[in-house]
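Novice: Requesting a structural model of the entry that follows:
(chains A and B)
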Amino acid sequence: MGYLFIMFLQLIINTLIVGSGYALIAMSFRLMYSVSPFFNLTLGAVAAFSAYMALWLTPHIGYYAIVAAIVLAAVFSFCLEYFAYKPMRENGASPMILLVASLGIYTIFESSIHFAFGPQYRVLGNVSQINQVNLGFTEIPLVCLITIIAAFLIFVFLNLFLHHTFIGKVIRSIQDSSTLANIMGIRIDRIIAVVAIITGVILGIAGVLVGYDTGMEPTMGFNLLFKGMIGAIIGGMKNMRGAFLGALFLAFAENLGVWIFASEWRDLVAFVIFIVFLYLRPHGIFQKKPQLS
Amino acid sequence: MKKGQKKKQPKKNKSFLRTALLLALAFALSSASLFMGYRDTQFLHSKPDVKVGVIYPLTGNLSQMGDAAKVAIRIFREELAKDSNNQLKYEFIIEDSQLNPAKSSAIAKKLINVDKVNVLVTIGSNVGNAVSPIAEKNNLIHFSMSTDENVAIGEHNFVVATHPQKEAEKMLQELEKRNIKNVALITQNQSATLVQSEEFRKVAQDSAINIISDEYVNDGTRDFKILIRKILDKKPDIIVIDMYVPEIQIFVKQLFETKPDANITAIGSFFRPDDKSMFDGDWFVNAAIATGEYVDKFEEKAKSTSTNYSEGLYTALKIYHQAYQGTGGNIEEIIINLLNIRDFDSPLGKVYFNRMGYLQAPAVVLIVKNGKPIVLEN
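Specialist: Numbers count the residues shown, from 1 in each chain, chains lettered A, B, ... in the order given. Now for the predicted structure:
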């Protein structure tokens, strides 16, 4: 009994560690999707950009590199929106065209990272000096604890921001109906630019934390985005709570899969659950079924 | 208003088309760069005697193998240039396999039909398995840096690596010597690592060693935390790792985060990353590794301490060069010579091909000290 309880706690801790990483991406994806509804693959590039910027800047400016990398990620995210997607939207590009364009931009980005930093696996920080935090029944790396705290804080911040600030309310109105928001005189492009900066910051934080935790490689962006997207879809794309809890649920399913079956079936278990939920609740676990009017 | 709109619309479409075209062009260029090979240019005006098609990963996580292969070819070339008796001219065409069997088989066909190569060189068991029937069918010699003996099937296919059984036996011997009883085995789902761990299971079956945990991980796995807990719960004396980069580094990092004093060893794996400092103090078993003059030349040219299996390619080229002498390029005679060469001096030690076309090279025990693998025992 004691053993099972400890293992269950371990499972929960691992779920929180992995799920928090997914949640940061899921929340960014969901926030961006609410104002610019297409599968933006370059969100993964922004996270990877941040990790590599931290890697590049750390030898020059030490831990300030973390802040610099997050700021640069926000700038990069804004530039992508302003110079790539905004002109395309103005020219009437459909979500499908934008998706293909984001795939193209992502590929260029990945090749550039490969060219600039090489294909090798890198990790931020000193691997031999691991800072552990004692939780009583187990120890977890400091970076994992920071990831959990960051994910929860960002979740709270986004909820407050979306429900209690003017821009947040505008974002939600665009999500409900961009046409109506446009008629009401809302400058949608400006709001998307603001959202791009906010998602850039969140992805920047995610990228740096992943760089410290699991390390980085040129292909990391897509892998990160993939699980984040699935988490957001499982939870439901209409609200932030859905994205956050969906990411945690995905992590729990994966960890349970590894524990009960084997590590190699981890993705299989996760995707079976994903398909089952899409079949039973296509609108997401944590979202009410849309009412037919 | 209407007039203005009518005039503005085509301009918008034009601008959109231009953006789409630019993006498509950029995408095509970046994709093309992934598939572009590398070709020697010194034979634009003279015909080479031997054309070698090298199918190696030039992009992706293991592209350092391709980079190392280019250095091995440079070393081979420079040595030939210094040899006043040498009459043979070689041309190398290096293509990106991305370690993808389907892609590699298409590249092999292109190298044979368009470039008219005489020899194919591949790395990776999955790629070797895809290319070996093509080489056999087209009557071409194929050297494969792999661990799967199926790659050597046929008269024309040669495997240039230590047999995994030798590595498994060495591992068992070392575990017994160190009085280790219970081991946890973790294997990445890649053909070479699967063959190696299967050989280890076979030799461990009739020994005092118990494999108390036997786990597999897929390529691309980045979170091992719960798996590590699962393995550590079984209380193994040591964890035997058989994985590729970057998974090996991520696994070991997360393992040390959970249990800083975890006892680890590996079949080959510790040799794979460029930076081996995280394995400092740990011993492991590996295929024969490059030593001597070759390593010095490599380190000087590549500015890297990891030869990334390029010694296999270099050894294959050197043996082929010797086997070619006096044959006038007759392929049957070259094959006979390849099988008859004994105790060939190579960076891997004294080696030869057995009747199956598998290189006979020893397995070694190494220890990582200050980020460098040092041979403990041959």
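
Novice: make it CA atoms for all contacts and neighbour counts henceforth
Specialist: Noted.

Novice: so who does residue A:207 touch?
Specialist: Residue A:207 is in contact with A:46-51, counting by CA atoms under 8 Å, 6 or more residues apart in numbering or on different chains.

Novice: Now, of the residues you listed, which are buried?
Specialist: A:46-51 (16 or more other CA atoms under 10 Å in any protein chain shown).

Novice: Select from those every entry located in helices.
Specialist: A:46-51 (DSSP state H).

Novice: among those, which two are most distant?
Specialist: A:46 and A:51 (8.8 Å; CA to CA).

Novice: which residues are in contact with both of these two?
Specialist: The contact lists of residue A:46 and residue A:51 share A:204, A:207, where a contact means CA under 8 Å, 6+ apart.

Novice: Phi, psi for residue 147 please.
Specialist: If you meant another chain, say so; for now it's chain A. phi -60, psi -40 (degrees, to the nearest 10).

Novice: please go with chain B instead
Specialist: According to degrees, to the nearest 10, residue B:147 has phi -120, psi 0.

Novice: And the closest residue to it other than its chain neighbours, how close does it get to residue B:139?
Specialist: Nearest residue to residue B:147, sequence neighbours excluded (CA to CA, 6 or more residues apart in numbering or on different chains): residue B:192, at 5.5 Å. Residue B:192 is 26 Å from residue B:139, where distance means CA to CA, to the nearest Å.

Novice: If you count surrounding residues, which of these two has more?
Specialist: residue B:192 (20 against 16; other CA atoms under 10 Å in any protein chain shown).

Novice: which stretch of helix or strand covers the more buried one?
Specialist: helix B:191-205 (DSSP states H and E).

Novice: buried sites along that helix?
Specialist: Counting neighbours by 16+ other CA under 10 Å, helix B:191-205 gives B:191-201, B:203-204 as buried.

Novice: Quick check: next helix or strand after that helix?
Specialist: strand B:210-217.

Novice: so who does residue B:290 touch?
Specialist: B:307, B:311, B:347-349.

Novice: Need the three-state assignment for it.
Specialist: Classification of residue B:290 using DSSP: H, G, I helix; E, B strand; the rest coil returns coil.

Novice: gap between it and chain A?
Specialist: 22 Å (CA to the nearest CA, to the nearest Å).

Novice: Residue in the stretch 201-350 of chain B with the shortest distance to chain A?
Specialist: residue B:217 (4.7 Å; CA to the nearest CA).

Novice: Next up, the contacts around that residue.
Specialist: Neighbours of residue B:217 in contact, by CA under 8 Å, 6+ apart: A:263-264, B:186-189.

Novice: Same question for residue B:171.
Specialist: Here residue B:171 is in contact with B:200, B:267, B:284-285 (CA under 8 Å, 6+ apart).

Novice: Closest one of those to residue A:156?
Specialist: residue B:267 (46.9 Å).

Novice: Would you check that my belief about the closest one contacting residue B:248 is correct?
Specialist: No - in this structure, residue B:267 is not within contact of residue B:248 by CA atoms under 8 Å, at 11.5 Å.

Novice: out of the two, which sits in the more crowded spot?
Specialist: residue B:267 (26 against 21).
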